[in-house]
Structures are given as C-alpha cells and as structure tokens.
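I would like to see how this sequence folds:
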Amino acid sequence: MSEGAGATNRPAGRMNGGRALAEMLRLAEVGPMFGMGGFQLLPFYDALAQLGLRHFLINDERCGAFAADAYARVTNRPGVCDGTLGPGATNLLTGLIEGLNAGTPMIALAGDTNRAHSWKNMTQECRQVEILRPAVKELIRVEQTSRIPELLRRAFAVATSGRPGPVLLDVPEDVCHGEHDFGSDDFAVDPSTLSIPARRIRPDRADISQAAALIARSRRPLILVGGGIHLSAGYQALLSLAEAQSIPIAHTMSGKGAIACTHPLSVGLFGRYSRIANDLIEASDCLLVIGCKLGEIATKRYALPRASIPLIHLDILAEEIGRCRPAAVALWGDAKAGLEDLCEALADEARRARNARTEYIAEIPTRIAAWREEAAPRLNSGERPIHMARLCRELNDTLPADSILVADGGFAGHWTGLLYDTKSPGRRFIPDRGLASIGYGLPGGIGAALAAPATPVAAITGDGGFNMMLGELETARRAGIGLTVIVVNNAASGYVKALQHAMFRGRYQSCDLVEMDYAAIARAMGCNGIRVEDPDRLGGAVREGLAERTRPSVIDVVVTRDPGRMLPAVDNRTAEIRQGDRIA
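As a prediction, the model looks like this:
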C-alpha cells in the first residue's frame, strides 16, 4: 500500500459512518454512483452531497446495479451502487449476479436494520444477508462504525483481484448513523486495487512449455477467446501471439473485441451462432481457450468441440479449467501474462509455424467471402418490416469506430453478437452475458455513456426489455445523457416466440406484446424519438440519434413479426434429437 496515495487529502476527526463511507469512495476516485436512498443510508447520501460526489437516483435498484456493471466494464474500475433495507437490497440481486458471473468489479452498499431492534418486525426487514451472499464474490457485514474504512478497503481488494466480481457491504442503520473519532491513517487507500486487474499471476513455466509444444506441432490451431481477455486487458499480447504464429481467433459474445472483428485473423463468433468459426473448430488439431468458461452457448450445449481435439485452457479461475471440457494442458493465471509467456516460448518457431500454416490461413478469406455471399440477401434486405440482419449491417456502416454498443440479453444480443463488427481491440461491445437478463440495455447504456462521455454510445434492446426499464429513460434525461437507444420492436418476446414456433409448430403462449410507438413515448418524456419502418432510413436515424448529445434518443425500429425468422439461425436446443444424433 502506498502511503502517499491521497495521504495529504485524508480526513480526520469525528464523523458518522455515512461520511466515512463517502470519504473512502472519494479517496478511491470512484465514478458516478447509482441508487435510491432510504433512512438507513441517509448519512451517506448527505455526505455525498457535501463532498460533491456524483450520485444518480435511479427508478429501480436493479437498474442501478446494471448501470454500475456497464460503467465498470468500460473503465475497468469498480462500479458503485446502493440499495436501502429490504426491497432496495433485494432489487440489486439480478444485477449483482450478472457482475458475479461476468467477472465485473463492483462495490454495492446495502442499508440494514438498526441492530437494537433487529428481528422485531422492523419495516422492510428481511433476511437480506442470506439472500444476497450467493450473489456476490464476498459479502462484508459492517459491525462497527470504526471499521468502515478498513472493510471498504478490503472490498476494493476483493472486487479487483483474481477474477473480479461484486462485493457487498451490509451496513446496519446504527453503524451508518453512528459516530467515531477517525485518524487520517484510517483512510489509507491501496491504489493497486482501484482497477482491474489488480494483481496478475503467471502460469507455471512447465505448463507453458507443454502448451507451447502442443501449439508448435499443430497445423490448424485455433484460439477461442472469452470475456476474460477484457478483464486482463490482454489485447496486444493476444494479437502478438496470433500474428507471430498465424493462428486465427474466434470469440464468444463476451469476447468480442479481443481482436478487431475486421482483422484478417478474426473468424467471428463461435458456439450457438457462427459465421465460419464452428467449422474451423471441427477441423482444428489444437484449441487454445483464453478466459472462456466453455458454457452452454459457446459449445452449442456441450456438443463442441470434439473430445479428440487437444485443448489448452488458460483461465484466472482455476476451478473453471476442466469444468465443461477436459484440458490437455491447464494454464492457471492471468490471460495477458499467459499469452506473453506463450509468445516467448514459441518465438524461435514463429517463422516455421507461419510457413507451415500458409494454406490454412489462406482458407479464412475464402470462407468469409462465401459466408458473406450467402448472408448478403439478409444483410442487404429491403423488406418491411425490417430484417434484423439489415439493422446490424446499418449499425456496422454507421457507428463510428470508437463507439460503444451495449446489447441487451436475448434477441438483440444474439443478432448483434453474430453480425456486429467492432473495428478495434477493446470493450466496444457490451452484452450482459453473465446472467443474460433482458432489461440490461437502457441502464447499461446509461452506465457506459457516463463512463465515456466523449464517446458515441448506443444501446440495443428488445421491446420487452425496454418495457421493463422504461422508467430509466427519465433517469437518462435527468442526467442529460446523449445516449442512443435502439428498440427492436417486434411486438413480442421475440426469442421465446421463435422457440415456441420451432418447438410447437405455431402454438404460442404469453409471448405477444401490444403494438407500441416507442418514439412517441420517448417524445412524451422529453427525449428525442424516431420511428423507423423503412430500412433505407436506418442509417440516417442512427446518425441523428448520435448527434443528439444533451438528451437520450430512442430509435423505434419495426422489425419482422414472423417468428420463423426472428433468430439468426436455428437454436440447437429446439432440434429434434434421435438416438445417435450429434447436434452441433
């Protein structure tokens, strides 16, 4: 810990617990916070105002957690959210699990009962510690006002170390309102724990040598990258290895941006939906998996890859290695560090490897060209209602190279996961794949826009997800955020309706929505509203939305109502499986 970090700016003297919380967050230089106040945390709110820290009232605590999650993904610094006793705290649950599963560093504060009266049916009292504990990397119950700086310091260390995740401080009312005489040394902050990755660990050298030998012998190696590459910021190390060894790179939805989608070695998404990557997996003789859980979607419900293909698995969380697919070589460590070590171990063989893989690499542009030719009728479709592939193509053509696209769960996320192209390495595409909850798009867009105020930010969401979070349009307007929200309007819970169509041949239940004009709703809320029914107007509408920098823009895009055409391809879960079949 650096004694110089904020040492001249540390407070001292008698203060309440809420002030101590706020002072520590000030010293940690946190970004905007999101929450809804209640009596238990009111001293904290008062201190935020006195210290001039940014805090945004949200209309639902789940949205506060989603916004904090997206802020953290853009900045690699912990996002901060809060909720009051009972329903405020439990409303955080979905957003916290998203962060836990996705490896997002977050600090959450939850008010709790006055301990002098706990378990006497206090208003809004519930067993919130037991409810929230499984949703976070660590739950810290603060039992003394004097320990607030110490325990918040620990919260940052836990949130940013190893595989990042959310940490929740449960703060009883009497602890937050109580007072203590603090010394300036109490408010020490460890600057190494204020962003991810806080601490790196390198894989064992013997394991690196074994992995390098496997890669060196292979003629058709392939790198499969998940969201862990973003947690490590290992983009340059990945690119150096791929280019030196002529190894193509495929990505999960969370791993998009590991390499520019436009790079010659990028083969796109793999798993449930794929351009050419799944075919390359099948033909591979060595797979290098980086920061990827190899879960259901990435493996088409565990049908990919074939067990006979040697697999090297590099992950910061040791227990993820071998969970879903046995690894020939397990590399436990940071993605960037592991990739650098592999690059060094393979350096002497680089020229020979590139020469040996010349024909293999030459396949990629040919395969991509064939895919583009097959997909062209959809990507260039002029049909009405608008085809989702045409919308994705217009986003590729219109969004600037430095823009950020936040993708909601379900329908919107899968289409953009397959067809949207990032133009540079980095986290420019943010899907909520930790829990894949619908409703992330709008609040996630708020968090991303506040994290990168000079960057064009768009959020794409289905009408069902937008309905869930419509109230946060007021939050975005109040905050003066120039966020562009693209509503995929198919008057349905699109993914569910498409699955019902595939499985039950036209029998639908509880999947249709009332036709809404979301552009008119946006205008009624003081925002910019644009309704698009003609695909030729898509590009202009997106440009108009991006040009509005002082209030949100909602682009209501009327897309296909045909449930047989709502998905990018066949969802393998709906296939009729007979004995001996292999669905992949």
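
tell me what the longest helix along the chain is packed against?
Counting residues, the longest helix in the chain under DSSP state H turns out to be helix 358-379. Applying 3 or more Cβ pairs under 8 Å, 6 or more residues apart in numbering; DSSP states H and E, one finds that helix 358-379 contacts strand 266-269, helix 388-398. For the C-beta atoms, the positions are set from N, CA and C on the backbone; glycine is no exception.

quick check: pLDDT value at Gly409.
Note on Gly409: pLDDT of 90.

which of the helices and strands in the protein ranks last by mean pLDDT?
helix 494-504 (a mean of 87; mean pLDDT, DSSP states H and E).

next, the buried residues of whichever helix or strand comes after that one.
Going down the chain from helix 494-504, the next helix or strand is helix 518-524, by DSSP states H and E. By 16 or more other Cβ atoms under 10 Å, the buried positions in helix 518-524 come out as 518-519, 521-522.

what angle do the longest helix of the chain and helix 388-398 make?
With axes from the mean of the first three to the mean of the last three Cα atoms, to 10 degrees applied, the angle from helix 358-379 to helix 388-398 works out at 110 degrees.

list the buried ones in helix 358-379?
360, 363-364, 368, 371, 375, 378-379.

who's in contact with that helix?
By Cβ atoms under 8 Å, 6 or more residues apart in numbering, the list of residues contacting helix 358-379 from outside reads 219-220, 246, 248, 264-265, 267, 275-276, 279-280, 387, 389-390, 392-393, 419.

buried subset of those residues?
In the contacts of helix 358-379, the ones that pass as buried (16+ other Cβ under 10 Å) are 220, 246, 248, 265, 267, 275-276, 280, 387, 389-390, 392-393, 419.

what's the next secondary structure element after the stretch of helix or strand Ala47 belongs to?
Using DSSP H and E, Ala47 falls within helix 42-51. Where DSSP H and E defines the elements, the next helix or strand beyond helix 42-51 is strand 55-57.

okay, now the sheet partners of that following strand, with direction.
strand 33-35 (parallel) (DSSP bridges).

tell me the mean pLDDT over the strand it pairs with?
The model assigns strand 33-35 a mean pLDDT of 98.

chain center to it, what's the gap?
18 Å (Cα atoms, centre = their mean, to the nearest Å).

which residues touch that strand?
For strand 33-35, using Cβ under 8 Å, 6+ apart, the contacting residues are 25, 41, 48, 53-58, 61, 63-65, 67-68, 79-83, 88, 109, 447.

tell me which residues in that strand are buried?
Buried positions in strand 33-35, judged by neighbour count with 16+ other Cβ under 10 Å: 33-35.

on that earlier part again, buried members of the contacts of strand 33-35 into PyMOL, please.
To isolate the buried ones among those in PyMOL, judged by 16+ other Cβ under 10 Å, type:
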select buried, resi 25+41+48+53+55+56+58+61+63+64+65+67+68+79+80+81+82+83+88+109+447
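
what ranges does the stretch 1-150 of the chain have for its helices?
17-27, 42-51, 61-75, 87-91, 93-102, 128-132, 148-160 (DSSP state H, counting those that start in this stretch).

what's the third one packed up against?
Here helix 61-75 touches strand 33-35, strand 79-83, helix 87-91, helix 93-102, strand 106-112, strand 429-431, helix 441-451, going by 3+ Cβ pairs under 8 Å, 6+ apart.

rounded mean pLDDT for that helix, please.
98.

now do the fifth one
Averaged over helix 93-102, pLDDT sits at 98.

next one: the last one
Across helix 148-160, pLDDT averages out at 98.

who touches that helix?
Counting by Cβ under 8 Å, 6+ apart, residues outside helix 148-160 touching it are 17, 20-21, 23-25, 28, 78, 105-107, 137-138, 140, 142, 165-167, 169, 171, 175, 182, 186-190, 193-198.

of the residues you listed, grab the buried ones for ChimeraX.
Entered in ChimeraX, the line below selects the buried ones among the contacts of helix 148-160, by 16+ other Cβ under 10 Å:
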select :17,20,21,23,24,25,28,78,105,106,107,137,140,142,165,166,167,169,171,175,182,186,187,188,189,190,193,194,195,196,197,198
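
can you verify my assumption that Ala318 contacts Trp332?
Yes - the pair formed by Ala318 and Trp332 meets the contact definition of Cβ atoms under 8 Å, at 4.6 Å.

these two: which has the busier surroundings?
Trp332 (19 against 14; other Cβ atoms under 10 Å).

who does the more buried one bridge with?
Where Trp332 sits in a bridge, its partners, by DSSP bridges, are Asp315.

how about it, what does it touch?
Per Cβ under 8 Å, 6+ apart, neighbours of Trp332: 201, 203-204, 207, 315-316, 318, 321.

how about TSV for those residues, with secondary structure and pLDDT added?
Listed next are those as TSV, based on DSSP: H, G, I helix; E, B strand; the rest coil; pLDDT from 0 to 100:
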residue	secondary structure	pLDDT
Ile201	coil	95
Pro203	coil	98
Asp204	coil	97
Asp207	helix	98
Asp315	strand	98
Ile316	coil	97
Ala318	helix	95
Ile321	coil	96
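
of those residues, keep whichever come out buried.
203, 207, 315-316, 321.

got JSON lines for those residues, with distance to Arg127 too?
Formatted as JSON lines, these follow (distance: Cβ to Cβ, whole Å):
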{"residue": "Pro203", "distance to Arg127": "41"}
{"residue": "Asp207", "distance to Arg127": "44"}
{"residue": "Asp315", "distance to Arg127": "34"}
{"residue": "Ile316", "distance to Arg127": "32"}
{"residue": "Ile321", "distance to Arg127": "35"}
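
what two of those are the furthest from one another?
The largest distance within those, taken as Cβ to Cβ, falls between Asp207 and Ile316 and amounts to 14.3 Å.
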